[in-house]
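# A structural model of the following input is requested.
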Amino acid sequence: MSGKLYLIPVPLSDVAPESVLPATNVEVVRSLRYFVVENLRSARRFLKACDRSIDIDSLTIVELNEHTPREEVAGLLAPVIDGADCGVISEAGCPGVADPGADMVALAQRHGVEVVPLVGPSSILMGLMGSGFNGQNFAFLGYLPIEAPKRAAAMREMQQRVMRNSQTQIFIETPYRNNRLIRELTTSLPGHMLLCVASDITGPRQSIITRPISEWVSANYNYDKIPTIFLLYKDV
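This next block holds a predicted model:
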């Protein structure tokens, strides 16, 4: 029989795992000897935070990130097919969501491997929960395009989806460009549209603020270098 593929969430901010993860997650972590992780350093730090008695050097920990060739994913899953349980760990949040671990999960599903997602924080869902926007019809778009014409087109498309379909638009930016993104939104979108900026979710600097675009123009804020998620909707 093949092993199980456990999808292990990681805190979104620099907080103790027990403050955002159930105790059963730590029990699963303690039981595993094989991990596929997005970042080796952050994964080792997370494992030690879960239980300092874990002998990291006795574990098999391999990386799966945006630079991993897709043809190598099969080799990462091979131990699971042979019977070993495996834990998949993202740098933050939930594996498989805007995360290269999705390739591992897709392959596991094709091979009939049991996939076990564990409970944990998701900036997408928690931002949506705190925004006051439509939680029945929403889309996560990931990063907006970098090129100016494509970026402008993406913003127009978001506006159309909000107005035409009442669909909440959720997106992210590289943290050091957060402030610039807000400025771009205020010059590209109508002032009556609503923008929620959800920053450092579950962390000590958590801030979830929804206000019209027109008010963001003159608001005082500094979200640069802080993990942040953005949500767009209409004034109802």
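
# Contacts for stretch 182-190, please.
The set of residues external to stretch 182-190 that reach it, using CB atoms under 8 Å, 6 or more residues apart in numbering, is 151-152, 155-156, 159, 195, 197, 213-214, 216-217, 221, 223, 230, 232. C-betas here are computed from N, CA, C, even on glycine.

# Residue 97: which of these is nearest?
residue 230 (16.2 Å; CB to CB).

# neighbours around the closest one, how many?
Neighbours of residue 230 under the rule other CB atoms under 10 Å: 24.

# give me the beta-bridge partners of it?
residue 171, residue 197 (DSSP bridges).

# pretty sure it contacts residue 172?
Yes: between residue 230 and residue 172 there is a contact under CB atoms under 8 Å: 6.8 Å.

# related to what we said a few turns ago, can you tell me which of the contacts of stretch 182-190 are in strands?
195, 197, 230, 232 (DSSP state E).

# of all these, which two lie farthest apart?
197 and 232 (10.4 Å).

# From residue 126, how far off is the residue positioned nearest the centre of the chain?
Centrality entry for the chain: nearest residue to the mean C-alpha point is residue 93, 4.9 Å, by CA atoms, centre = their mean. Between residue 93 and residue 126 the computed distance is 9 Å (CB to CB, to the nearest Å).

# would you say residue 142 is within a strand?
Yes: under DSSP: H, G, I helix; E, B strand; the rest coil, residue 142 sits within a strand.

# per-residue pLDDT, residue 34?
Looking at residue 34, its pLDDT stands at 97.

# Surely residue 116 is in a strand?
Yes: per three-state DSSP, residue 116 lies within a strand segment.

# So what's the residue count around it?
14.

# Give the closest residue to it in space, chain neighbours not counted.
residue 6 (4.9 Å; CB to CB, 6 or more residues apart in numbering).

# Surely the one you found and residue 114 touch.
No: at 9.5 Å, residue 6 does not count as touching residue 114 under the criterion of CB under 8 Å.

# more crowded one of these two?
Between residue 6 and residue 114, residue 6 has the larger neighbour count (other CB under 10 Å), namely 22 against 14.

# and the more buried one, what is it in contact with?
Contacts of residue 6 (CB under 8 Å, 6+ apart): 28, 32, 85-88, 116, 118.

# Next one: it relative to residue 24, how far apart?
11 Å.

# Quick check, pLDDT for residue 101.
If you check residue 101, the pLDDT there is 88.

# about what we covered before: and which of the ones in strands among the contacts of stretch 182-190 is nearest residue 18?
Taking CB to CB as the measure, residue 18 lies nearest residue 197 of those, at 27.8 Å.

# residue contacts, that closest one?
182, 207-209, 216, 221, 223, 228, 230.

# Apply 10 Å and report the result again.
127, 131, 178, 181-182, 185, 207-211, 216, 219, 221, 223, 228-231 (CB atoms under 10 Å, 6 or more residues apart in numbering).

# And for residue 204?
13-15.

# To which secondary structure element is residue 35 assigned?
Per DSSP states H and E: residue 35 is located in strand 34-37.

# outside of that strand, which residues touch it?
By CB under 10 Å, 6+ apart, strand 34-37 touches 3, 5-6, 8, 10, 29, 43-44, 46-47, 56, 59-65, 68, 73, 76-77, 79-80, 84-91, 95, 100-101, 104.

# partners of that strand, with directions?
strand 60-63 (parallel), strand 86-89 (parallel).

# where along the chain do the helices fall?
23-31, 40-50, 73-81, 101-110, 123-131, 148-165, 178-188, 213-216 (DSSP state H).

# Including distance to residue 139 and mean neighbour count, could the ones you listed go into a markdown table?
Listed next are these as a markdown table, based on distance: least, CB to CB, whole Å; neighbours: other CB atoms under 10 Å:
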| stretch | distance to residue 139 | mean neighbour count |
| --- | --- | --- |
| helix 23-31 | 28 | 14 |
| helix 40-50 | 28 | 18 |
| helix 73-81 | 26 | 17 |
| helix 101-110 | 17 | 18 |
| helix 123-131 | 10 | 20 |
| helix 148-165 | 7 | 14 |
| helix 178-188 | 16 | 17 |
| helix 213-216 | 19 | 17 |
